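Student: Sequence unavailable; structure follows:
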């Protein structure tokens, strides 16, 4: 069985940028490469699951998303970190255009992207985690049956102050804080 840490992208790994799709606009949050490296060294697979409604809205293409993800891994690899797989939802049920205007299971808080990861891993849900900065991230993790961690980067700190803690299993101010919690919990 594989232990997997699922990560949201925007606001969790990198600074929140409205409809991020250009590599030059990508800025990693402090400590992210070190956190990902620590999780990998502890034996976890790292999988990004990200809603990308900008594709649905026609702001950028799937190819641009994939190019950005390749660039993100290039940045991480400079610090000895690596993301194993990237899954993204290009749909939006209301604001999408053409083939992307659909109600789907992959858009978080749905679990479709997690199920896509099952094509590559035998996921040990009892020892796997979802980390994100929004309620829909932690809800997606809960819906899939893994532990959910809200991080205080991106939108997370405001949610932490306003939302009752029952929406997630743990709160960490940063991705490194979440990584330390996971590693300690799994030892």
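Tutor: Here it is on my side, so go on. Just so it is clear, the structure is predicted and the values come from calculations on it, not from any experiment.
Student: Most distant residue from the centre of the protein?
Tutor: The C-alpha centroid of the chain is most remote from residue 98, which lies 25.9 Å away (Cα atoms, centre = their mean).
Student: Return the distance of the lengthiest helix in the chain from the chain's centre.
Tutor: Looking across the chain with DSSP state H, the single longest helix is helix 62-77. Relative to its chain's centre, helix 62-77 lies at 14 Å (Cα atoms, centre = their mean, to the nearest Å).
Student: what comes into contact with the following helix or strand past it?
Tutor: Using DSSP states H and E, the helix or strand that directly follows helix 62-77 along the chain is strand 85-89. For strand 85-89, the external contacting residues (Cβ atoms under 8 Å, 6 or more residues apart in numbering) are 45, 47-52, 55, 62, 65-66, 69, 104, 106-108, 110, 112-113, 116-117, 120. Just so you know, the C-beta spots here come from the backbone N, C-alpha and C atoms, and that holds for glycine as well.
Student: So which of those residues sit within helices?
Tutor: 55, 62, 65, 66, 69, 112, 113, 116, 117.
Student: between those residues, which is nearest residue 22?
Tutor: Of all the ones in helices among the contacts of strand 85-89, residue 65 has the smallest distance to residue 22: 11.1 Å, by Cβ to Cβ.
Student: circling back to that earlier point, for the residue farthest from the centre of the chain, give me its contacts.
Tutor: residue 58.
Student: by how many degrees do the longest strand that the chain contains and strand 85-89 diverge?
Tutor: Counting residues, the longest strand found in the chain (DSSP state E) is strand 45-51. Here strand 45-51 points in a direction 20 degrees away from that of strand 85-89 (axes from the mean of the first three to the mean of the last three Cα atoms, to 10 degrees).
Student: Same question for the longest helix of the chain: list its buried residues.
Tutor: By 16 or more other Cβ atoms under 10 Å, the buried positions in helix 62-77 come out as 64, 65, 68, 69, 72, 75, 76.
Student: any idea what sits nearest the last one, other than its immediate chain neighbours?
Tutor: What that stands for is residue 76. Leaving out its chain neighbours, the residue that sits closest to residue 76 by Cβ to Cβ, 6 or more residues apart in numbering is residue 33, at 5.2 Å.
Student: now residue 99: how far from residue 62?
Tutor: With distances taken as Cβ to Cβ, to the nearest Å, residue 99 is found 11 Å from residue 62.
Student: and what of residue 140?
Tutor: Distance from residue 140 to residue 62, by Cβ to Cβ: 21 Å.
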